[in-house]
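Enquirer: test case, fold it:
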Amino acid sequence: MNTFWRLETCSKGITWASLNVEEESLNKLSAEVLDEFRQMLDAFDTTPPKALVLQSGKSSGFIAGADIEEFKSLDSAQKVQGLIARGWHLFNRFAKVPYPTLALIRGVCLGGGLELSLACRYRIAVDHPSTKLGLPEVMLGILPGWGGMKRLPELVGPQLALDMMLTGKSLDARRAKKAGLVDLAVAERVARLSAEQLVLSGQPRARATGLKALLNQPLLRPLVARMARKQAMAKARPEHYPAPFAIIDTWEKADGDSLKDPSLLAGIVSTPTALNLVRVFFLQERLKGIGKARRSTEKGHLHVVGAGTMGGDIAAWAALRGFQVTLQDQDLSRIAPAFARAHTLFSRRIRDPYLLKQAKDRLQADPQGHGIRKATVIIEAIFENLEAKQDLFRRLEAEASPQAILATNTSSLKLEDIRDCLKQPERLVGIHFFNPVAQMPLVEVIHAQGTREDCLKAATGFVRDLDKLPLPVKSAPGFLVNAVLAPYMLAAMRQVDAGLSAASIDAAMTRFGMPMGPLELADTVGLDIALAAGSTIAQARGEDLSLTLPLCLKSRVDAKQLGKKTGQGFYLWKDGKREDANGSKGAGAGSSGNQEALALTLIEPLIAAAQELVRQGVVDDADLADAGIIFGTGFAPFRGGPLHWWSSQSSGQGQPAAKTETAAPAEAVSS
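Expert: Down below sits the predicted model:
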């Protein structure tokens, strides 16, 4: 009796194989699942079906990919090669069966799930928002080694295939159909009928034609590979992320067969990068699990007060994710810019005109605050002023439902201070988003002494309903993310005061693996906002920022050179793009050795701050601190997190001092 694959033959003679991995939210291709699939093929060799359709027995999706848990045991080259060989040989065998095969895909179809689908003769994608097809192995620092590197280029052409494999991006049903990745994109109500008709149609297997097919030929592969390497180099350094370049090499030189060069395969999968990216994957899964138990089956009503950049974008994202949203500010003129940004977001994310209209309808302007009474979640996102926030929360508590979540999006004020005005202070939580809201995955969920446990759990569930990653943190100056960024940015600004150029400082940190240097980041946030937020954090700690304020920051703010928004800060900006350096032309970072030393000097205060926050219990443990800093700041994922990376360094390296200083955090405060 099958454990994972349930077989059923319909009146038309088609065998339907439904995969359902119990006790898992999504189907995964573990060793046991693949072994049962092999046994199924053995039985079909003796008694072949008229046709075979693979589908999911879960409503949550098709197949999420391989079982990442198994990657933890890959401690030798032989084990790595064995795992790749398992899927490669099995899927090649499946691709050659004499009977027609079809993958009926609804929901996520990623990694090994897509590679299994590519081995089928036909593919149908259900046109549903949850349907996503992709090969995201590169995000784990590994290769799509079960046939994806061979079959995807043959089907859609090497340019799109390499783009998908090198970036990890996925396609929805309609784009997959347009690209030729699936034969049909159909509505759910006709999916089964469409599968029956296609799998019995006798039409040949789809393949790329014309230029797409030509570029897949051996003579032209070096040209395509050269272009792909150039694009990959612009986004990642080979020493940091070797997997993209190994994918290009494997496609170009081995027709996608990673088993032809076992040394290359083992060298990729067992690298520190791959091990650390797998670690980051599990850190992300841990954050997802924090709010899982409290996720709602139905989206509620969100009321946001404050239509500035943060409040407006929080409202827009919530409407996109299915919430009914009311957005309040003093008048419609203040709300209008938020609606313009929201409509841009909706248009980029939603292609179906009907769904687009629904999203727009879910977001309503509410200058009078009528939505307060019916809201299940209320978020305050006004400017960073304690008295103003307290005055607002007095009114919100009086009008809101007793069951509603009362939350502040403050980036620097202590929860204890804000809630002093409330009759039930234990209701207030912090739900701290980062800018830009649509791109930043982390949301800090702040609690203080006496915060009701049910309010905290409801807040983390709300964050998961938004498809964000909740990180519970205790109320403290700067919480986690801003508190570690502050000394990091202070260290960078002190280097400018010492004579280094902004460009050389930022170059050292991007070479280290940060997505953006600290000074370009400060320009992007706005130097006035960074200074104001840093002052608030310093005041909360009982410090006087004026005594340690970097001269380079003070002089620019005094001169109204506030960064990108004014066209000048540490850099010159034109049309929103960095033009050239505007800092001191003193000694640069110089050689790669000097850059490494400078990067270490700048990152040590961040690590020291993170260690201190773990010691104080602001976050529960070092792993959660690593997760928060990775997903809240973009800290180089290939290093596995700052505390993990630091602890893995050689014992000969000195440890950073625990003392931290206050500076401007790299995150915009609500306006």
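Enquirer: give me the helices and strands touching the helix or strand residue 595 falls within, please.
Expert: Counting by DSSP states H and E, the element that carries residue 595 is helix 592-616. The contact analysis (3 or more Cβ pairs under 8 Å, 6 or more residues apart in numbering; DSSP states H and E) places helix 592-616 against helix 481-497, helix 502-512, helix 622-633, helix 642-648. For the C-beta atoms, the positions are set from N, CA and C on the backbone; glycine is no exception.
Enquirer: got the buried residues for it?
Expert: For helix 592-616, burial by neighbour count (16 or more other Cβ atoms under 10 Å) applies to 595, 598-614.
Enquirer: and stretch 338-353, by the same measure?
Expert: For stretch 338-353, a neighbour-count test (16+ other Cβ under 10 Å) marks 338-339, 341-342, 345-346, 350 as buried.
Enquirer: ok, those residues vs residue 649, which is closest?
Expert: Using Cβ to Cβ, residue 345 comes nearest to residue 649 of the buried residues of stretch 338-353, at 40.9 Å.
Enquirer: now do the SS call for the closest one.
Expert: Following DSSP: H, G, I helix; E, B strand; the rest coil, residue 345 is assigned to helix.
Enquirer: what's the distance between it and residue 310?
Expert: Here the criterion is Cβ to Cβ, to the nearest Å. By it, residue 345 lies 14 Å from residue 310.
Enquirer: residue 27 now?
Expert: Separation of residue 27 from residue 310 (Cβ to Cβ): 38 Å.
Enquirer: residue 221: how many residues sit nearby?
Expert: 18 (other Cβ atoms under 10 Å).
Enquirer: hmm, I was thinking of residue 168
Expert: For residue 168, the count of nearby residues is 17 (other Cβ under 10 Å).
Enquirer: so it makes contact with residue 139?
Expert: Yes - contact criterion Cβ atoms under 8 Å: residue 168 and residue 139 qualify, at 4.4 Å.
Enquirer: quick check: residue 218 is in a strand.
Expert: No - applying three-state DSSP, one finds residue 218 to be coil, outside a strand.
Enquirer: mind checking pLDDT for residue 540?
Expert: Note on residue 540: pLDDT of 67.
Enquirer: whoops, residue 526 was the one
Expert: Note on residue 526: pLDDT of 88.
Enquirer: my guess is it contacts residue 565, does it?
Expert: Yes - if you go by Cβ under 8 Å, residue 526 and residue 565 touch, sitting 5.7 Å apart.
Enquirer: the helix or strand where residue 41 lies: what's the following helix or strand?
Expert: Element membership for residue 41, per DSSP H and E: helix 31-46. As assigned by DSSP H and E, the chain's next helix or strand after helix 31-46 is strand 51-56.
Enquirer: neighbouring strands - and their directions - for that next one?
Expert: Note on strand 51-56: by DSSP bridges, its sheet partners are strand 14-19 (parallel), strand 101-105 (parallel).
Enquirer: what packs against the next helix or strand after that strand?
Expert: Scanning forward in sequence from strand 51-56 by DSSP H and E, the next helix or strand is strand 61-63. For strand 61-63, the packing partners by 3+ Cβ pairs under 8 Å, 6+ apart come out as strand 51-56, strand 108-110, helix 112-118.
Enquirer: pairing partners for strand 61-63, with directions?
Expert: With DSSP bridges as the test, strand 61-63 is paired with strand 108-110 (parallel).
Enquirer: now what about the strand it pairs with, what contacts it?
Expert: For strand 108-110, the surrounding residues in contact (Cβ atoms under 8 Å, 6 or more residues apart in numbering) are 26, 60-65, 103, 117, 125, 130-136, 170.
Enquirer: cool, stretch 15-22 as well?
Expert: Contact with stretch 15-22 is made by 4-10, 27-28, 30, 33, 40, 49-58, 63, as judged by Cβ under 8 Å, 6+ apart.
Enquirer: drop anything exposed from these.
Expert: 4-5, 27-28, 30, 33, 40, 49, 51-56, 58, 63.
Enquirer: closest to residue 636 among those residues?
Expert: Using Cβ to Cβ, residue 28 is the member of the buried ones among the contacts of stretch 15-22 that lies nearest residue 636, at 27.7 Å.
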